[in-house]
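Visitor: got a predicted model here, sequence first, then my questions.
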Amino acid sequence: MNKSTAYRVKFLRILAVACLVLGIGAVILFLATRRNQVGSAIYYVDCSSGTNGVGTLTSPWNSLEAVNATVFAPGSQILFRSNTVCTGTLSPKGSGEAGNPIIIDRYGDGDKPLIAGNGASNAVYLHNQEYWEIRNLEVTNDSAQASNRRGVYVVAENFGTAHYFRLINLTVHHVKGDNTKGRGGSTGIMFEVKGWLKSTKFDDIIIDGCTVYTVDRTGIASDSSWRSRPAIGRKIDNWMGWSNVVIRNNTVYDIGGDGIVVRNTTGALVEYNVVYDANMRSGEYCAGIWPWNSDDTVFQHNEVYRVRTMKDGFGLNADFGTSGTIFQYNYSHDNEGGFVLVCAPSNRTNRDTITCYNISQNDHARIFAFHGSTVNT
């Protein structure tokens with residue numbers, strides 16, 4: 001008898017004894033738990049349940065702590081029950097793989113399950129992970145006091161290339177952040193690269209069909225520590241452009257500062273988004289939709305309106321450090337600062353910005369504004 005056969009025989013004997021002692025139902029539960037521990041499975045979370053189970057449909061987990069303590073295998077699904085509220089930070093561990101991501105979604109009928117950060121730094125947080133899909137959740141992070149906090153925050157730190165993220169049909173709102181302008185600031189949905197020890201970037205991000213509102217300071221944004229290059233006035237060149245970034249079909253409104261900001265990308269696509277009532281509370285330089293330190297970004301079929309003036313207040317902005325930005329087929333209206341700002345302050349560049357086939361209606365202070373000398377549009 002070889003070792004593999006001997007192992008199977010031993011396991012079946014243990015199983016037979018367990019059947020006699022515990023009953024068939026308990027053994028089924030034992031097998032389900034064993035599978036959850038060693039491989040991909042479907043895990044269920046019902047934060048309205050009075051007792052904490054083992055993560056099955058009939059015995060669901062009832063807290064975020066149980067989820068956060070688990071390292072999930074590729075292909076796993078984490079399903080939250082509709083019409084329930086889970087309090088704290090959702091921070092599951094593990095990564096998927098190409099063609100086999102880890103999926104967070106909901107089960108049952110009714111409203112989206114709510115992840116309520118209740119003033120935590122982040123309500124949903126992934127760090128140095130990849131191949132994740134997060135779908136059909138409601139996310140808040142409210143507090144009596146403003147602070148640097150986020151709704152959904154995905155971080156790659158000294159990681160290399162972090163692949164494949166899908167944020168689909170999320171509702172992110174009431175993120176009580178501060179309105180201080182700067183890297184890693186308060187945001188509804190944020191992807192960020194940190195660290196300087198290993199060149200790091202994201203590849204293959206899609207943010208689709210999300211609604212983001214009542215957030216301070218920024219609605220949807222990206223940023224990176226691997227950002228330096230002459231185009232932004234830095235002598236060191238360590239720029240790592242993210243690839244395959246798509247932001248589409250999102251609605252963003254009642255935002256303290258900027259609506260959608262694309263930083264450190266190459267070839268990003270931003271389309272079919274609606275941004276309105278931006279720059280409501282920040283008192284800083286803000287615009288509706290814009291890139292910074294990015295190349296070949298296409299903004300198309302977006303609607304931007306009622307961006308407040310305070311500072312800037314444009315519907316669209318090609319900021320410095322950008323090259324090959326295209327604004328086309330967008331509808332800009334009733335923005336207090338104007339339609340399009342193209343800027344490149346001293347020692348910074350902005351090259352080959354193209355604006356075509358857009359509609360600007362009732363934009364106020366200026367239709368076009370150009371700031372800086374190193375500008376080619």
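Guide: Received the coordinates, thanks. Residues are numbered from 1 along each chain as shown.
Visitor: downstream neighbour of the helix or strand of the chain with the lowest mean pLDDT in the secondary structure list?
Guide: Using mean pLDDT, DSSP states H and E, helix 24-38 stands out as the lowest-scoring helix or strand of the chain, at a mean of 40. Following helix 24-38 in sequence order, the next helix or strand is strand 42-45 (DSSP states H and E).
Visitor: okay, now the domains of the protein?
Guide: Following automatic domain parsing, the chain resolves into domains at 1-38, 108-376.
Visitor: regarding residue 309, what is its secondary structure?
Guide: At residue 309 the chain is in coil, as set by DSSP: H, G, I helix; E, B strand; the rest coil.
Visitor: ok, now which ones touch the residue nearest to it when sequence neighbours are not counted?
Guide: Excluding its sequence neighbours, the residue lying closest to residue 309 (CB to CB, 6 or more residues apart in numbering) is residue 336, at 3.9 Å. C-beta: built from backbone N, CA, C; applies to glycine. For residue 336, the contact set (CB atoms under 8 Å, 6 or more residues apart in numbering) comprises 306-309, 313, 364-365.
Visitor: and these, which is closest to residue 81?
Guide: Of all the contacts of residue 336, the one with the least separation from residue 81 (CB to CB) is residue 306, at 37.1 Å.
Visitor: could you dump the helix or strand harbouring the closest one to PDB, C-alpha only?
Guide: Using DSSP H and E, residue 306 sits within strand 303-307. Provided in PDB are the C-alpha atoms of strand 303-307 (Å, rounded to 0.1, in the frame of the first residue of the first chain):
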ATOM      1  CA  GLU A 303     -20.800  65.400 -17.900                       C
ATOM      2  CA  VAL A 304     -19.500  67.900 -15.400                       C
ATOM      3  CA  TYR A 305     -21.500  70.700 -13.900                       C
ATOM      4  CA  ARG A 306     -21.800  73.100 -10.900                       C
ATOM      5  CA  VAL A 307     -18.100  73.000  -9.900                       C
END
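Visitor: that strand pairs with which strands?
Guide: Neighbouring strands of strand 303-307 in its sheet, by DSSP bridges, are strand 274-278 (parallel), strand 331-333 (parallel).
Visitor: which is the next helix or strand following that strand?
Guide: Per DSSP H and E, the first helix or strand lying C-terminal to strand 303-307 is strand 311-318.
Visitor: center of the chain - which residue?
Guide: Residue closest to the mean C-alpha point of the chain, counted by CA atoms, centre = their mean, is residue 189 at 4.2 Å.
Visitor: what separates it from residue 204, distance-wise?
Guide: Remark: distance between residue 189 and residue 204 (CB to CB, to the nearest Å) = 16 Å.
Visitor: what mean pLDDT would you report for the strand holding residue 306?
Guide: Strand 303-307 shows a mean pLDDT of 98 in the predicted model.
Visitor: how far is stretch 111-118 from where the chain is centred?
Guide: Centroid separation for stretch 111-118 versus its chain: 16 Å, with CA atoms, centre = their mean, to the nearest Å.
Visitor: same check on stretch 149-168?
Guide: Computed by CA atoms, centre = their mean, the chain-centroid distance of stretch 149-168 equals 7 Å.
Visitor: and for stretch 291-304?
Guide: The chain centre lies 17 Å from the centre of stretch 291-304; the measure is CA atoms, centre = their mean.
Visitor: now swap in stretch 148-158 and tell me
Guide: Chain-centre distance of stretch 148-158: 8 Å, with CA atoms, centre = their mean.
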